[in-house]
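Engineer: Make a model of this:
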Amino acid sequence: MKTALELVRNNFRQYGMFIALILIMLLFQLLSDGNLLKPLNITNIILQNSYILILAIGMLLVIITGHIDLSVGSIAAFVGAVSAIMMVQYGMSFPVAMILSLLIGAVVGAWQGFWVAYMRIPSFIVTLAGMLLFRGLTMLVLDGKSVAPFPEGFRAISTGFIPDLPGSDGLHLLTILIGVALSLVYLFMEWRARLIEKRYSLEVLPYSFFILKLAAVVAIINLLTYVLATYKGLPNILIMLFVLVAVYTFVMRKTVMGRHIYALGGNEKAAKLSGVKTKKVTFWVFVNMGVMAALAGLVFAARLNAATPKAGVNFELDAIAAAFIGGASASGGVGTVIGAIVGGLVMGVMNNGMSLIGLGIDYQQGIKGLVLLLAVAFDLYNKNKSA
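Structural biologist: Got it, this is the predicted structure:
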């Protein structure tokens, strides 16, 4: 049985940033005189960072394979511009326009994936070219002007909330019930996973730590849903994010494709010798990134209620920072979907908290840069220590 100190050391990479997120929230809650955790502000943090979190999921897969994508902000802007032309100028129904927009994102991802996977051009160069190309196409499509407004149904994707149960008064009852249901599902899945690990004689957390972990997560889930229930309930975009996190977590943990992505990032030559079709995996990872960038572009356009030539600026930097801060390795092969989400929330809470206490944008950029540098340095320190 491992000591508590060994347990903390071995799991610090997994839980360290989650603990850091909680500490950062508590710090800014104190510095902002209690404004950070107000229901309205919590909702704003979710809405303001939703598109970055979507990008972070796709970027994580790219980084795990040992690549990078600098074009996602420009792709998001381009897809948002095209969707605006379809919906605003041509009157196309928003479900059809959204499907076509996601297909455009897939085609863009396939274009870049082809050059990276099959032509062996470094992803940095390919996506840098893509960043310039699609930024130019965005300005061309919009003719340098903003296009608005979008249909109400489309805007609800990013700004709407789930309806409450009939007869509810005060608290958003459905949000409370969803929190309880999620807690029960989480407890069942964790207990089932523990039983399976013990059955195969795998290492598991000591019972006391396991119970502490369950209690902490359940408390956070229900606290979050209660806070949101005191305002307008769960935002639609939060439901979308939950589905994306669940699907991508399953893919990366439980499927052959997920194992191949990790194998490719860990050692490409060894993966190829083991039968992994490395070129095909790289290609589809970039196709997926294109779709996620398109989805982020739609969400951002819906929140802004306009497509603008300057949309998506620096999105790629925020997504890359979220993945690295969340535990992804700069050399590939390491990272989790939950980690990328936590990394994105760390950046989002820091942005929001620094704005609440009146720090200027110059200080905000500098502090975020230092946090990113420290996260990568910590990754290298851990790698050298275990070598």
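Engineer: Grab the most central residue of this structure for me.
Structural biologist: Among the residues of the chain, L53 comes closest to the average C-alpha position under C-alpha atoms, centre = their mean, at 2.7 Å.
Engineer: close enough to count as contact, that residue and I341?
Structural biologist: Yes: L53 is in contact with I341 according to C-beta atoms under 8 Å; the separation is 5.7 Å. C-beta coordinates here come from the backbone N, C-alpha and C atoms, glycine included.
Engineer: and the helix or strand V299 falls within, what does it pack onto?
Structural biologist: Counting by DSSP states H and E, the element that carries V299 is helix 278-304. Helix 278-304 sits against helix 39-64, helix 72-84, helix 94-117, helix 152-159, helix 256-266, helix 268-273, with contacts defined as 3 or more C-beta pairs under 8 Å, 6 or more residues apart in numbering; DSSP states H and E.
Engineer: Of all these, which one is nearest L174?
Structural biologist: Closest to L174 of these, according to C-beta to C-beta: helix 39-64, at 15.6 Å.
Engineer: chain center to that closest one: distance?
Structural biologist: Centre-to-centre, helix 39-64 and its host chain are 4 Å apart (C-alpha atoms, centre = their mean, to the nearest Å).
Engineer: tell me the contacts of M59?
Structural biologist: M59 makes contacts with 69, 72, 289, 316, 319-320, 322-323, 340, as judged by C-beta atoms under 8 Å, 6 or more residues apart in numbering.
Engineer: Rebuild those residues as JSON lines, extending it with distance to F154, pLDDT and neighbour count.
Structural biologist: What follows is those, written out as JSON lines (distance: C-beta to C-beta, whole Å; pLDDT from 0 to 100; neighbours: other C-beta atoms under 10 Å):
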{"residue": "D69", "distance to F154": "26", "pLDDT": "97", "neighbour count": "33"}
{"residue": "V72", "distance to F154": "21", "pLDDT": "97", "neighbour count": "35"}
{"residue": "M289", "distance to F154": "23", "pLDDT": "98", "neighbour count": "30"}
{"residue": "E316", "distance to F154": "24", "pLDDT": "94", "neighbour count": "23"}
{"residue": "A319", "distance to F154": "23", "pLDDT": "95", "neighbour count": "34"}
{"residue": "I320", "distance to F154": "28", "pLDDT": "93", "neighbour count": "23"}
{"residue": "A322", "distance to F154": "26", "pLDDT": "93", "neighbour count": "29"}
{"residue": "A323", "distance to F154": "28", "pLDDT": "93", "neighbour count": "32"}
{"residue": "A340", "distance to F154": "26", "pLDDT": "94", "neighbour count": "30"}
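Engineer: Tell me the one of those residues nearest K254?
Structural biologist: A340 (17.6 Å).
Engineer: The closest one reaches A56, doesn't it?
Structural biologist: Yes: assessed by C-beta under 8 Å, A340 is found in contact with A56 at 4.3 Å.
Engineer: any shared contact partners between those two?
Structural biologist: Listed contacts common to A340 and A56 are 322-323, 326; contacts here mean C-beta under 8 Å, 6+ apart.
Engineer: just so I have it, where are all the helices in the stretch 101-250 of the chain?
Structural biologist: All helices of the stretch 101-250 of the chain, identified by DSSP state H, counting those that start in this stretch, fall at 123-142, 152-159, 173-199, 207-229, 236-254.
Engineer: Can you classify G275 as helix, strand or coil?
Structural biologist: Look at G275: counting by DSSP: H, G, I helix; E, B strand; the rest coil, its state is coil.
Engineer: Could you count how many residues lie near it?
Structural biologist: Look at G275: counted by other C-beta atoms under 10 Å, it has 8 neighbours.
Engineer: quick thing: my sequence starts at 21, can you match it?
Structural biologist: Got it, the first residue is 21 from now on, which makes the last one we talked about G295.
Engineer: Quick check on it: phi, psi?
Structural biologist: Main-chain torsions, G295, degrees, to the nearest 10: phi 100, psi 0.
Engineer: From the shared contacts of A360 and A76, pick the one nearest A137.
Structural biologist: Nearest to A137 among those is A343, at 20.0 Å by C-beta to C-beta.
Engineer: Just the element for the closest one, please.
Structural biologist: Per DSSP H and E, A343 falls inside helix 335-345.
Engineer: If you compare the directions of that helix and helix 92-104, what angle comes out?
Structural biologist: On the basis of axes from the mean of the first three to the mean of the last three C-alpha atoms, to 10 degrees, helix 335-345 is oriented at 130 degrees to helix 92-104.
Engineer: which element follows helix 335-345 toward the C-terminus?
Structural biologist: helix 357-376.
Engineer: Summarise which helices and strands that next one is packed against.
Structural biologist: Judged by 3+ C-beta pairs under 8 Å, 6+ apart, helix 357-376 is in contact with helix 24-51, helix 59-84, helix 256-274, helix 335-345, helix 381-406.
Engineer: Domain-wise, how is this protein divided?
Structural biologist: Taking automatic domain parsing as the criterion, the chain consists of the domains 58-180+255-406, 188-254.
Engineer: Comparing the ones you listed, which stretch has the densest surroundings?
Structural biologist: With neighbours taken as mean count of other C-beta atoms under 10 Å, those reach their highest mean count in domain 58-180+255-406, at a mean of 20.
Engineer: returning to what we had before: which residues are in contact with each of L73 and I361?
Structural biologist: Contact criterion C-beta under 8 Å, 6+ apart; residues shared by L73 and I361: 261, 342.
Engineer: list the contacts for the residue nearest to the centre of the chain?
Structural biologist: L73 neighbours (C-beta under 8 Å, 6+ apart): 261, 342, 360-361, 364-365.
Engineer: Also I84?
Structural biologist: Contact partners of I84, counting by C-beta under 8 Å, 6+ apart, are 281-282, 284-285, 348, 352-355.
Engineer: out of these, what pair is the most spread apart?
Structural biologist: Between any two of the contacts of I84 (C-beta to C-beta), the greatest distance is 14.1 Å, for L284 and A348.
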